[in-house]
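Participant: predicted coordinates and the sequence they were generated for:
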Amino acid sequence: MAAMREGPQSQASKFDEKSYDRDRKAKQRATGREVVIPVPKNIALRTACLLDPELLLTTYFPETYFEPFTADRSDMLRSIWRAAQYGGDQAIAAPRGEGKTTLAMDGAFCLMIAGLSFFPVIVGKNQDASSDELKALRERILASDRFVEDFPEIGVPLQAVGPQTANARLQTVAGKFVRMYLGVKHFALPNISIDQLPHWPADIVPVSSGQVMGAVGIEGRLRGFKFRSHRPTLAIIDDVEDKDSANSDPQIAKNETILEEDIGGMGASAERIARVYLCTTLNRKCNAYRYTDRTQKQSWNGRRYRKMITPPERMDLVEQYIDMRKMRDGDKDPDARIAFAFWRDNLDDIERGAVVSNKHSHSKKTHADGEPLELSAIQSYYNRVADFGQKAVSTETDNDPPETVGPQGIGLTASVVRSRLTGLLRGVYPASSAFVTVGLDIGKYNSHWVKIAWYGNAIGSIIDYGIMVNGGMSSTTDSKVVMAALVPNLMNWRTDMMADGRLDFCLVDAGDYTEAIYEFIRKACGVPFAASKGWDDGRFSRTKDSDTRRNFHEVYASNQAAEKLWLYNVNTEFWKSWLHQRFVTPTFDENEIANDGTLSLFSAPGNRKIHHEYSQQILSEEMQEEFVVGKGIVRKWVEMNGNNHYLDATALACAAAGCLGVRLVQRTEPTLAPQPKPPERKAMLNQHGRPFLATER
């Protein structure tokens, strides 16, 4: 009976212990999330800076803004503020290297805390670059102890988060979540009201009310870009062109459409978003030039700033200096210090009458001889003229490019190729892969290969590419030695390619080392490997099927009876153009669904340079159009550089896909083996008595 009376008491005690422990841990977690916001240290300075962005930046970020603001930088900052306050559009071209991107980010941040723009968004060349700038802004804020002291409602929560950005959403002030967010596309300030700061003076209002800064690439998802329930209030378009896109009429037109329609439509339905375009001209047809030309884009109120406002009076001395710098002895005077001494000794005469926009724009470093690397911004300007040419300096430093004309491509650039990413890691196949093809371009020293998985309507995912090294070769190595080494190397490479059992067809270039490739195909027993030869469009033969010929899509196979194999003849110009078109098409639509007819690369997080060489080789040749008087539009392939191996290998992989039936629309189901089968009466047998052409393996 005593035990029965003690039972309920014991259970109650046990229950109370659990409850107490749970409450204690909850209070500990809440204490860990709670952030205490101190009173701003210098209220008068804080108030003054909120009214003057230049004062704010030079006061709180002196490591970045250690020089007085020049006229063009002040104008950029004022333009951002005017657009936020009064709306409208503004285009400003400033010299390259003057810190436009950092100024745009920091200027937008000033707008946020001044209460002039709740949601500014920075539109950059690509998402990675924009996200990096967003992260750099947060780091600048954290590095400024003075800012944290005077704006503790922003700085203290950021400091409390530390490297674990996910902790931002758990933070509380006075027991209320502040909903700060630190992501790759958005930076949301803490949402803190005066009610949460009872210890603050009554006349000081917190400036952190959940404002958002966005960052997106120009080819990112612009329409529908929002955060929580907020839409952007200001778009700052930051230097979105590069040399490739600025020379391509289709890319220029595409970017103009994005500027006018996509970015113009980012705001709330009832509000027209203000736009500020900060840029540097690259030629006279690029958008940077056109948008800053008031005769072409009147509503954008374009302005161009140049570094050299007025050239020196003694241009004869300047030209003498340029010649001395160009003609320096690379062994005895690699840094052109003799020319430097000439400028130093004649500085007053050389620089007389010259006016530059930023007198601080020159190297402050000291040379090994104890003297400065550069003495002035004027000398720095003409150093660039000597090193890069007047055309380049006039274009990117003075925003006054010379007029140019010439043939145009389809708008594909190396940066666009690098931006086409599947989101899948190297070697990972899309879940719905239907076929896998490989192209192998044979070389004396190195052979380049590309492996592509296909699904849907010509959606290609490049899952891997690489080089097969043919070691021990030199410029004097005989071709027979090369071919003898190729065969065993190819057999080893074949083993690697077949390791996962996912290869449907591979075309191997047999143009230069034909005998070796034929021998490899025979040793490999054919399918899925086949020899190929490329032809330009003018020499590509188009006739009907026969006993010795089978036609595919811009490929035909010819029976090489003496060699006991089929040779696949490829219209290389067609397939190179075809793959270029696939890269032009964005990988995903606005709903993150893969677009038909796209070709994209595997992703490599943290390694932004991995596809640099591949993308350059894809653009090693380009189909260009040019209007010729008396002939109309003339189309021709132009060699941009001689390193085209990945282009050739990718074209072969695409041609192999065409043989399997891959099409942009209405793809018919192909047979798994694309090799044509000769009539039984002409069947060729190998040394083992089996059919040589392996439609039956």
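Facilitator: Yep, it's here. Numbering: from 1, shown residues only.
Participant: near the nearest residue to Lys364 once chain neighbours are set aside, how many other residues are there?
Facilitator: Excluding its sequence neighbours, the residue lying closest to Lys364 (Cβ to Cβ, 6 or more residues apart in numbering) is Pro372, at 7.3 Å. (Glycine included, C-beta is placed from N, CA and C.) By other Cβ atoms under 10 Å, the residues close to Pro372 number 16.
Participant: give me the pLDDT value at Pro372.
Facilitator: For Pro372, the pLDDT comes out at 95.
Participant: equivalent analysis for the one 4 residues further on, please.
Facilitator: Reported pLDDT at Ser376 in the predicted model: 96.
Participant: run through this protein and note the low-pLDDT ranges.
Facilitator: Along the chain, segments meeting pLDDT under 70 span 1-32, 163-164, 269-271, 404-410, 625-633, 665-697.
Participant: what domains does the record give for the chain?
Facilitator: The record assigns the chain these domain ranges, following automatic domain parsing: 70-144+178-304, 310-396, 414-611+645-682.
Participant: circling back to that earlier point, surely the residue nearest to Lys364 and Gln379 touch.
Facilitator: No: using Cβ atoms under 8 Å, Pro372 is not in contact with Gln379; the gap is 9.5 Å.
Participant: please name the bridge partners of Arg182.
Facilitator: Careful, residue 182 is Leu; it's not Arg. Beta-bridge pairing for Leu182 (DSSP bridges): Phe187.
Participant: how close does it sit to Glu139?
Facilitator: Separation of Leu182 from Glu139 (Cβ to Cβ, to the nearest Å) stands at 11 Å.
Participant: out of those two, which sits in the more crowded spot?
Facilitator: Leu182 (18 against 10).
Participant: next up, the contacts around the more buried one.
Facilitator: Going by Cβ atoms under 8 Å, 6 or more residues apart in numbering, Leu182 touches Arg138, Val161, Thr165, Ala168, Ala188.
Participant: ok, so of those residues, who is nearest His367?
Facilitator: The nearest member of these to His367, counting by Cβ to Cβ, is Arg138 at 36.5 Å.
Participant: figure out which of the domains of the chain is closest to Gln617.
Facilitator: Nearest of these (Cβ to Cβ): domain 414-611+645-682, 4.0 Å.
Participant: which residue ranges of the stretch 201-350 of the chain form helices?
Facilitator: 243-246, 249-257, 287-291, 315-326, 337-345, 347-351 (DSSP state H, counting those that start in this stretch).
Participant: who touches the last one?
Facilitator: Counting by Cβ under 8 Å, 6+ apart, the neighbours of helix 347-351 from elsewhere in the structure are Pro312, Arg314, Leu317, Val318, Tyr321, Trp343, Leu375, Ser376, Ile378, Gln379.
Participant: moving C-terminal of it, what's the next helix or strand?
Facilitator: Next in sequence after helix 347-351, counting helices and strands by DSSP states H and E, comes strand 355-356.
Participant: got the angle between the next helix or strand after that following strand and helix 337-345?
Facilitator: Downstream of strand 355-356, the next assigned helix or strand under DSSP H and E is helix 377-388. Put simply, helix 377-388 runs at 150 degrees to helix 337-345, going by axes from the mean of the first three to the mean of the last three Cα atoms, to 10 degrees.
Participant: which members of the contacts of Leu182 occur in helices, if any?
Facilitator: Arg138, Val161 (DSSP state H).
Participant: of the contacts of Leu182, buried ones?
Facilitator: Buried members of those, scored by 16 or more other Cβ atoms under 10 Å, are Arg138, Val161, Thr165, Ala168, Ala188.
Participant: isn't the fourth one right next to Gln159, touching?
Facilitator: What that stands for is Ala168. No: using Cβ under 8 Å, Ala168 is not in contact with Gln159; the gap is 11.6 Å.
Participant: could you dump the domains of the chain into TSV with distance to Lys41 added?
Facilitator: TSV is the format used below for these (distance: least, Cβ to Cβ, whole Å):
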stretch	distance to Lys41
domain 70-144+178-304	12
domain 310-396	30
domain 414-611+645-682	39
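Participant: for the ones you listed, which one sits closest to Leu56?
Facilitator: Here domain 70-144+178-304 is closest among the domains of the chain (Cβ to Cβ), at 5.6 Å.
Participant: about what we covered before: among the contacts of Leu182, which one sits closest to Ala657?
Facilitator: Proximity of those to Ala657 (Cβ to Cβ) peaks at Thr165, which lies at 41.8 Å.
Participant: surely Gly471 forms part of a strand?
Facilitator: No: going by DSSP: H, G, I helix; E, B strand; the rest coil, the assignment for Gly471 is coil, not a strand.
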